[in-house]
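Have a look at this fold, sequence not included:
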């Protein structure tokens, strides 16, 4: 099927490209294109290029097993596609901006065939442009845009599968999920959800049961094979070394809220020191994982309330720290050493009115941030209306809810805007569709 660009399409894509260009030029001006994890991805790409070594640490230092599995190879291989010709991160950013434009156009086109009306492009643009994380991450050496691509095409092929029932769509869907979980480990538990989903569809479509079942197993097989590869290199059957400390990080955020940032940082230092004393990697991994789960179980009820509250907050988070890091107003050192100076911490300490006043005085960019917050609130309200609307098949609505809810819950208390980025465009287009439904009479049956 061919797609012909009309006047609305040309205007829409021109604005999208222009905004990307402005952010790219801003990145050239501020030069803040590296995040905390960037150099680990860069190291791994260069190590692959030079020695075929999937290792995200500095090769000049003694090798540590943690760095053998800390970063999945998807994004380093993306970097390598540039580094094979030139080690130039600005070329990487150009490619990521192109990919971001493709993502925006793809989600618009996908839902355009399922009820999205182009006369509401202005609203979709408001939701997209009003979420600067999209453009900041396109101009950071970070895997979020690539993960977004995998997530959007995964959703698009689910919609095709639901409409056609063709096993080929299930296979493509599985390949995009497999690609996504090799970009960032956040998606690898979703392989189990994917398995259940496609097996249920296979039971309903007995004619193609074998092919659907095979497609269902593909992402899980990738996870198991990668786990085994990590076992041969480290002696521990696992997906990512980050996984061991995740529960401790979750609890540390809860501990910090109750006891203050300084106490939370001290707690983390103590836990890291205790873990580092264990010489064997497998034992060290198991200890950290067990320790984190124990802490969460001991504080299960209050922690879960804290987790769900922060998971919900990610839906409207404007990303002030991300914007300030991009413009150079904030450094990672200050971000982590002065955690008590954030908006939420200031309001908790000084009260809503006085805290907001003090924070505004110290942060002149807050009016812009508040505008983003308002746009996000409208967007999430629109998403809720879309999820409630009966004009969209319940299967599609449930799947969108599942995807967005999964990323929100996975982020929990360590959430910031980049963790929501893989599904942010989905929320934007669904919210824009909901406005169209409110202004268009329901078709008569």
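Yep, it's here. Note that this is a predicted model, so its numbers are computed, not measured.

Output the contacting helices and strands for the helix or strand hosting residue 408.
Following DSSP states H and E, one finds residue 408 within helix 394-411. Counting contacts by 3 or more CB pairs under 8 Å, 6 or more residues apart in numbering; DSSP states H and E, helix 394-411 packs against helix 144-164, helix 190-204, helix 300-313, helix 366-388, helix 417-439. Where C-beta positions appear, they are placed from N, C-alpha and C, glycine not excepted.

Can you work out which other helices and strands pack against the shortest one?
Using 3+ CB pairs under 8 Å, 6+ apart, the elements in contact with helix 300-313 are helix 243-259, helix 394-411.

Domains in this protein, by residue range?
As assigned by automatic domain parsing, the chain contains the domains 144-183+189-236, 243-301+328-362.

for the helices and strands packed on helix 394-411, which one sits closest to residue 276?
The closest of the helices and strands packed on helix 394-411 to residue 276 is helix 300-313. By CB to CB, the value is 25.0 Å.

For the closest one, buried residues please.
303, 306-307, 310-311, 313 (16 or more other CB atoms under 10 Å).

before we move on, back to that, return the most buried member of the helices and strands packed on helix 300-313.
helix 243-259 (a mean of 19; mean count of other CB atoms under 10 Å).

Check the offset of that one from the chain's centre.
Taking CA atoms, centre = their mean, to the nearest Å, the mean C-alpha location of helix 243-259 is offset from the chain mean by 19 Å.

Helix or strand next in line after it, which one?
As assigned by DSSP H and E, the chain's next helix or strand after helix 243-259 is helix 261-276.

relative orientation of that following helix and helix 243-259 in degrees?
Going by axes from the mean of the first three to the mean of the last three CA atoms, to 10 degrees, helix 261-276 is angled at 150 degrees with respect to helix 243-259.

re the thing from before, which of the buried residues of helix 300-313 lies closest to residue 210?
Nearest to residue 210 among these, with distances taken as CB to CB, is residue 311, at 37.7 Å.

mind listing what the nearest residue to that closest one once chain neighbours are set aside touches?
In space, and not counting its chain neighbours, residue 311 is closest to residue 408: 4.4 Å by CB to CB, 6 or more residues apart in numbering. With contacts defined as CB atoms under 8 Å, 6 or more residues apart in numbering, residue 408 is in contact with 311-312, 314-315, 415, 420.

now do 10 Å
308, 310-315, 415, 419-420, 423 (CB atoms under 10 Å, 6 or more residues apart in numbering).

Max pairwise distance over these: which two?
Every pair of the contacts of residue 408 checked by CB to CB; the farthest is 308 and 423, at 17.5 Å.

Taking the buried residues of helix 300-313 together, which two end up most distant?
303 and 313 (15.4 Å).

so where is the stretch 251-400 of the chain shaky, pLDDT-wise?
Within the stretch 251-400 of the chain, the stretches with pLDDT under 70 are 333, 335-344.

The stretch 101-250 of the chain too?
207.

tell me what the longest helix that the chain contains is packed against?
The helix that spans the most residues within the chain, counting by DSSP state H, is helix 209-234. When contacts are defined as 3 or more CB pairs under 10 Å, 6 or more residues apart in numbering; DSSP states H and E, helix 209-234 packs onto helix 66-69, helix 144-164, helix 167-181, helix 190-204, helix 281-298.

Pull out the buried positions in the last one.
Counting neighbours by 16+ other CB under 10 Å, one finds that the buried residues in helix 281-298 are 281, 284-285, 287-289, 291-292, 295-296.

The fourth one too?
With burial defined by 16+ other CB under 10 Å, the residues of helix 190-204 counted as buried are 190-191, 194-195, 197-198, 201-202.

which residues are in contact with that helix?
151, 154, 158, 161-162, 165, 167, 170, 173-174, 177-178, 180-181, 187, 208-224, 239, 395, 399, 402-403, 406-407, 410.

on that earlier part again, now distance to residue 378 too, for the helices and strands packed on helix 300-313, in CSV please.
Formatted as CSV, the helices and strands packed on helix 300-313 follow (distance: least, CB to CB, whole Å):
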stretch, distance to residue 378
helix 243-259, 28
helix 394-411, 16
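
before we move on, which element is residue 76 in?
helix 74-83.

Check which helices and strands that helix sits against.
Using 3+ CB pairs under 10 Å, 6+ apart, helix 74-83 is in contact with helix 38-51, helix 89-112, helix 144-164, helix 167-181.

Make CSV from those helices and add distance to residue 243 and mean neighbour count to it.
Output for these, formatted as CSV (distance: least, CB to CB, whole Å; neighbours: other CB atoms under 10 Å):
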stretch, distance to residue 243, mean neighbour count
helix 38-51, 15, 18
helix 89-112, 26, 19
helix 144-164, 17, 22
helix 167-181, 12, 22
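
Is it possible to get CSV of those helices that adds distance to residue 249?
Output for the helices and strands packed on helix 74-83, formatted as CSV (distance: least, CB to CB, whole Å):
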stretch, distance to residue 249
helix 38-51, 17
helix 89-112, 27
helix 144-164, 18
helix 167-181, 20
